[in-house]
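Q: Next input, structure requested:
(chains A and B)
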Amino acid sequence: MQDVASERGTQVASLQYALIVALGVAAFFDAKALGFSGVQALAAVVALVALLLAVVLVKRRDALVALGLLAKREAQLAEAQEIARIVSWEWDVVGDAMSWSGGLQRVFGQDESAVKPGYAGLLNCVHPDDRTAFKAAVSGALEGRLPFSLVHRVVRSDWEVRTIETHCKVVCDAAGTPIRLSGSSQDITSFQLAEAKFRQLLDLAPDAIVGIGAKGRIELINSQVEHLFGYQRDELIGARVEQLVPERFRGAHEGHRDRYFRDPRTRPMGAGLELYARRKDGTEFPCEISLSSIQEEKGSIGVAAIRDVTQRKADEAEADRLKSEFFGLVSHELRTPLTSIQGYSELLADRERSRVSEAGRGFLDVIVRNARRLDRLVQDLLLVTQVEAGTFGIDVGEVDPEKLARHCEEEATPVAESEGVTLSVAAEPLPHFAGDQDRLAQVLDNLVSNAIKFSSRGGRVEVVIGAHRGECMIEVSDTGIGIPAEQIPLLFDRFFRSASDGQVQGIGLGLAITKAIVERHWGRIKVLSEPGIGSTFRVMIPMGPAPAAQPGPETAIEAGR
Amino acid sequence: VTEAEADNEGPPLVLVADDEADILDLIALHLEADGNRVVKARDGEVALGLAKELRPDVAVIDVMMPRRDGFSIAEELRADDSIQRVPVILLTAKVQEKDVMEGWEAGAVEYMKKPFDAKDLCARVREVARRSRAARARRSV
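A: Numbers count the residues shown, from 1 in each chain, chains lettered A, B, ... in the order given. The predicted structure is shown next:
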């Protein structure tokens, strides 16, 4: 290339000298015609020629410097092409001549001297299986005078096959006839391998993965999507992602999608909601979806990883059923021996008390007390099972708030005394209302026994039953250790036990049951607590009118028999 | 098993059925101490046979028993339309809501849960026996 340029430079310079000499000769004769002496004319012409020569020589130097820069730039381009594994070429359509930039060896793996001249040489570099496509692209481009891009393979002289991307454009003469095809070919084997690796990784993921552009069109899927949704890849690429969403959610989904693209953080989709996806055949399945985004040249792509949770849901339901069944069985099996222990120890404590020694009576009381505790525990376990199975119901009758207070005082006073806690119970006179007296007594028992449990000696537990805005308000306050704020939302979960109550007995069912009973009464329970100062549990129960007396067993016998 | 026949007079006759001997004895002890005559059975078939034969004032029956369960005994006794029908108190460790419902449907007049409170049991037996005798007296007129 450098040679061509300097050659052209030399040609230009020779022409300039010839012109100067011609001008000089012309000037010499013109000067003589104007009456200057031959010597004078010669001197003037020599001076003029010298001046012109000087100008041309200076210009020539500039040109030579410029030619040096051009050569340097061309060398840089060649180097860049080499690094990027690009070869550019030009095919003179009319004369069937190929010219190559330096990368032929590097990109096509061929030595220029070994390549056939003309188009046949270019075609020979292309992998035999891709030649038809290559020829079609070239003839299409010549016919339509349009540029083309084609991914094809080449076979290098060492038989290595590489993947090449060729971009090509057609150059036409003034009449619009194609005269040249200028192209550049880049070795994209490593990009393609990276792409293949990416695809393989995508297909290895256990979840169905869908990539979505900002307009909601599917741009990317892995093979799990095809299995899970029953579509072929071609049916989905370019389709709206809502095609995978059940119809009833589609409208809302578009809005969510737009919002996600405005702030594409990695997060689970539809937190706390049951999500469903739609297969090609219209059936649906429950799923879990996590969202993230990847940055692309065209903008970000939202990526959804979709997991079918049908089996897991079924397993969970089955586990729940088995658990309920097991709890039912265990409770029955525990109750039978418990009946004997409790029954006989009570018999002994009642009827044979006088014949048992004082120490023996103490032992008996321990047995009786603990048998009752075990009984309560078994009852609680069963109750929680019912709550979870949704079969827990209350016997709605008449609730007497003052009776609740009296019952609570009778039950809790002995415990409070033995724990060294002061208990005060106060009840406003209130109308009777509809509800389950025994269950509400249980609520009060649970709250008060917790309050006593978490109070230290010398502490105070206050129970207040009153009315507030037409609802019955039951408040149990203590001066106990209090509950850390972060534990309050967990309090009513079954089996919840505070990390700090390792020494306190119980399996953490009391508050779960309390909440279930309160909710069955359309009520609410609230906790106010300050660690180190104490806690207040406040229960609000709507006071519906007490129902008429329920038909008793008398009626049942007379009517039913 | 005593050969006592219910005669609507004297101490009430109570049939107690439970496959757990300890519990059977416990119930009998309490009911006898409360002034009842007690007949005991340890399986469902025997219990049903004794109920038909002796016509006790009350039957206190466990639910889960060999050969015949308490629900089926209650149903059988309800279906008997002779004048001396036997009211059934089911006393059981089966305490889930659905069990209680089944008990009422079978025709039990009381459904009591184990472990039981002795005073409560005695009071209910007394009450059911009283009403049972009153009903029999009315029907025989």
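Q: Any residues of chain B in contact with chain A? List them.
A: Contact residues, chain B versus chain A (C-beta under 8 Å from any C-beta of the partner chain): B:20, B:22-23, B:26, B:29-30, B:33, B:64, B:78, B:85, B:87, B:93-98, B:107, B:109-110, B:113-116, B:118, B:127-128, B:131-132, B:135. C-beta coordinates here come from the backbone N, C-alpha and C atoms, glycine included.
Q: which among those residues end up buried?
A: B:20, B:23, B:26, B:29-30, B:64, B:78, B:85, B:87, B:93-96, B:107, B:109-110, B:113-116, B:118, B:127-128, B:131-132, B:135 (16 or more other C-beta atoms under 10 Å in any protein chain shown).
Q: remind me which residues of the stretch 1-150 of chain A are low pLDDT?
A: A:1-21, A:23-38, A:41 (pLDDT under 70).
Q: Please repeat the previous calculation with a cut-off of 50.
A: Screening the stretch 1-150 of chain A residue by residue with the criterion pLDDT under 50, one finds the ranges A:1-6.
Q: Could you do chain B as well?
A: In chain B, residues with pLDDT under 50: B:1-6.
Q: Which stretches in it count as strands?
A: B:13-17, B:37-41, B:58-61, B:88-92, B:110-113 (DSSP state E).
Q: For those strands, could you give me TSV that also reports distance to A:Ala50?
A: What follows is the strands of chain B, written out as TSV (distance: least, C-beta to C-beta, whole Å):
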stretch	distance to A:Ala50
strand B:13-17	145
strand B:37-41	148
strand B:58-61	143
strand B:88-92	135
strand B:110-113	133
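Q: any idea which of these is most buried?
A: strand B:58-61 (a mean of 30; mean count of other C-beta atoms under 10 Å in any protein chain shown).
Q: chain center to that strand: distance?
A: How far strand B:58-61 lies from its chain's middle: 1 Å, per C-alpha atoms, centre = their mean, to the nearest Å.
Q: Parallel or antiparallel, list what pairs with it.
A: strand B:13-17 (parallel), strand B:88-92 (parallel) (DSSP bridges).
Q: Out of those, the one nearest A:Lys116 is which?
A: Smallest distance to A:Lys116 across the strands paired with strand B:58-61 (C-beta to C-beta): 100.7 Å, for strand B:88-92.
Q: So which residues make contact with that closest one?
A: For strand B:88-92, contacts defined as C-beta atoms under 8 Å, 6 or more residues apart in numbering or on different chains pick out B:18, B:27, B:58-64, B:70-71, B:73-74, B:77-78, B:99, B:103, B:106-114, B:116, B:121, B:124-125, B:128.
Q: at 6 Å what do you get?
A: The contact list for strand B:88-92, computed with C-beta atoms under 6 Å, 6 or more residues apart in numbering or on different chains, reads B:59-63, B:70, B:74, B:77, B:103, B:108, B:110-112.
Q: and what of stretch A:246-259?
A: So stretch A:246-259 is contacted by A:216, A:242, A:245, A:276, A:278, A:284 (C-beta under 6 Å, 6+ apart).
Q: Tell me which two in these are the farthest apart.
A: Longest span within those, C-beta to C-beta: A:Gly216 and A:Glu284, 19.9 Å.
Q: so what's residue 89 bridging to?
A: Here I'm looking at chain A. A:Trp100, A:Gly183.
Q: wrong chain, I was asking about chain B
A: For B:Ile89, the beta-bridge partners under DSSP bridges are B:Val60, B:Glu110.
Q: State the distance from it to B:Asp57.
A: From B:Ile89 across to B:Asp57, the span is 11 Å (C-beta to C-beta, to the nearest Å).
Q: Check A:Met543 too.
A: From A:Met543 to B:Asp57 the distance is 42 Å (C-beta to C-beta).
Q: more crowded one of the two?
A: More crowded of A:Met543 and B:Asp57, by other C-beta atoms under 10 Å in any protein chain shown: B:Asp57, with 27 against 19.
Q: How about the contacts made by A:Asp400?
A: So A:Asp400 contacts A:His432 (C-beta under 6 Å, 6+ apart).
Q: What of the one 4 residues further on?
A: Contacts of A:Leu404 were listed using C-beta under 6 Å, 6+ apart, and they are A:440-441, A:444.
Q: sec struct for A:Val476, please.
A: strand (DSSP: H, G, I helix; E, B strand; the rest coil).
Q: So in terms of bridging, what pairs with it?
A: Per DSSP bridges, the residues bridged to A:Val476 are A:Val463, A:Phe537.
Q: tally of neighbours for it?
A: Applying other C-beta under 10 Å, we find 25 residues neighbouring A:Val476.
Q: got a list of what the residue of chain A found nearest chain B touches?
A: Residue nearest to chain B within chain A: A:Arg335 (3.6 Å; C-beta to the nearest C-beta). A:Arg335 is in contact with B:93, B:114, counting by C-beta under 6 Å, 6+ apart.
Q: and the helix or strand containing it, average pLDDT?
A: Applying DSSP states H and E as the criterion places A:Arg335 in helix A:310-351. Mean pLDDT, computed over helix A:310-351, is 86.
Q: Give me the below-cutoff pLDDT ranges for the stretch 151-300 of chain A.
A: Using pLDDT under 50, nothing in the stretch 151-300 of chain A is flagged.
Q: that older thread, any chance of the strands paired with strand B:58-61 in TSV with distance to A:Val126 as columns?
A: TSV is the format used below for the strands paired with strand B:58-61 (distance: least, C-beta to C-beta, whole Å):
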stretch	distance to A:Val126
strand B:13-17	97
strand B:88-92	89
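Q: Give me the phi and psi for the residue most central in space within chain A.
A: With distances taken as C-alpha atoms, centre = their mean, A:Leu291 lies nearest the centre of chain A, 2.5 Å away. Backbone torsions of A:Leu291, given as degrees, to the nearest 10, read phi -110, psi 140.
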